[in-house]
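**Q** 3D model of this:
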Amino acid sequence: MALRVHDRSARTTVSGHLHLKKMCAVVWCYSGPLKKAEQVFKPIRAFKKPALDLAGPIPHPALQSMFDGLYPPGHQWYWKATSCAN
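**A** Modelled structure (predicted):
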């Protein structure tokens, strides 16, 4: 996956040296109490510094449509997700 910036708001956040670089993306969705989010993500962030960390509060419809620009209607795409109990 190459990181490509599609919307105006992300252009100010994404560093130019990452544009069109091959990368692996992990999209997290934590739906627990906001005040516990930092505690939940602390071990994940401590594992290794990510090239880009945009984790933060976001409306669910925005998360659902985040990659619409990458996958045009009519194309066949397969997404898989899993849920973790703890």
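**Q** can you tell me which residue is nearest the centre of this structure?
**A** Val27 (3.7 Å; CA atoms, centre = their mean).
**Q** so that residue touches Met66, yeah?
**A** Yes - Val27 is within contact range of Met66, at 7.4 Å (criterion: CB atoms under 8 Å). (Each C-beta comes from the backbone N, C-alpha and C, glycine too.)
**Q** need the per-residue pLDDT for Lys36.
**A** pLDDT, Lys36: 93.
**Q** regarding it, what is its secondary structure?
**A** helix (DSSP: H, G, I helix; E, B strand; the rest coil).
**Q** output the below-cut-off pLDDT ranges for the chain.
**A** When residues are selected by pLDDT under 70, those of the chain lie in 1-15, 78, 86.
**Q** and with 50 instead?
**A** 1-12 (pLDDT under 50).
**Q** host element of the most far-flung residue of it relative to its centre?
**A** Most distant from the centre of the chain: Gly74, at 23.2 Å, with distances by CA atoms, centre = their mean. Using DSSP states H and E, Gly74 sits in no helix or strand.
**Q** ditto for Pro43
**A** helix 37-47.
**Q** could you count how many residues lie near Ser83?
**A** Ser83: 5 surrounding residues under other CB atoms under 10 Å.
**Q** and it, how close does it get to Gly69?
**A** Taking CB to CB, to the nearest Å as the measure, Ser83 falls 26 Å from Gly69.
**Q** what about the helices in the chain?
**A** For the chain, helices defined by DSSP state H occupy the ranges 8-11, 37-47, 60-64.
**Q** Throw these into CSV and include distance to Trp79 and mean neighbour count, thanks.
**A** What follows is these, written out as CSV (distance: least, CB to CB, whole Å; neighbours: other CB atoms under 10 Å):
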stretch, distance to Trp79, mean neighbour count
helix 8-11, 20, 10
helix 37-47, 21, 11
helix 60-64, 11, 9
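**Q** and of these, who's closest to Ser31?
**A** Ser31 sits nearest to helix 60-64 of all the helices of the chain, at 8.3 Å, using CB to CB.
**Q** of all the helices of the chain, which one is nearest Leu18?
**A** helix 8-11 (10.9 Å).
**Q** got the buried residues for stretch 51-61?
**A** Buried residues in stretch 51-61, counted by 16 or more other CB atoms under 10 Å: Ala55.
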